[in-house]
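Engineer: sequence first, predicted model second:
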Amino acid sequence: MSGCGSTEAPVVTSGKTVRPVKITQFYAADKMIPKGLTGKLCYGVENATKLEMNPPSEDVWPALSRCFEISPKRQTTYTLTAFGQDGTKESKSVEVKVAGEPPRIYDLAVSAAEVKKGELVRVCFKLQNTTKVKAGPGKFAPGINCLNDNPTKTTTYRVTAYGDDHQEDIGTVTVKVR
């Protein structure tokens, strides 16, 4: 059989042809969702008369392709069960993990937007939900979250905050040297 659709042979019962139920797709668009944010769960079925989602998170119905939003509070395994006309069923599961709060850089401030060549520039910032930080160019003082530099040309300063589960936030500020 070619093209779209099931490649399984139909079942004949009581003179009626019944195609077997099939879950063609069931996946999480993002396997890891930052805490407090939403993700998408997608599915597609053939020859189904009814669907059930466990844990219940959204009304589901037979569709060739459908996605909906989820917002799990913790790691969750979702199971989709499709029921066929002949009483058979098929189930598939997908796991979604919940990451910690994403890192955040805020109050990124620079001492001057324009300086003379070699004049002191100070870039300071605040951090939230951060496990590691990189800042440069210049000399970074992690205890006070400030960067000191004496640029000789126009310079862009970059701060990268890293959080749990490989999340990051980036802030930049450019100082013009005249």
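Structural biologist: Thanks, I have it. Residues are numbered from 1 along each chain as shown.
Engineer: make it CA atoms for all contacts and neighbour counts henceforth
Structural biologist: Noted.
Engineer: assign the nearest residue to Gln167 once chain neighbours are set aside to helix, strand or coil.
Structural biologist: Nearest residue to Gln167, sequence neighbours excluded (CA to CA, 6 or more residues apart in numbering): Pro102, at 6.2 Å. Secondary structure state of Pro102, per DSSP: H, G, I helix; E, B strand; the rest coil, is coil.
Engineer: repeat for Leu80
Structural biologist: Of the three states, Leu80 takes strand under three-state DSSP.
Engineer: when you give positions from now on, start the count at 193
Structural biologist: Shifting the count to begin at 193 puts that one at Leu272.
Engineer: mind listing the residues bridging to it?
Structural biologist: Residues in a beta bridge with Leu272, per DSSP bridges, are Met245, Lys284.
Engineer: how near is it to Phe332?
Structural biologist: Separation of Leu272 from Phe332 (CA to CA, to the nearest Å): 51 Å.
Engineer: Provide a list of residues in contact with the residue nearest to Gln359.
Structural biologist: When contacts are counted by CA atoms under 8 Å, 6 or more residues apart in numbering, Pro294 touches 226-227, 321, 355-356, 359-361.
Engineer: which parts of stretch 358-370 are buried?
Structural biologist: 359-361, 363, 367-369 (16 or more other CA atoms under 10 Å).
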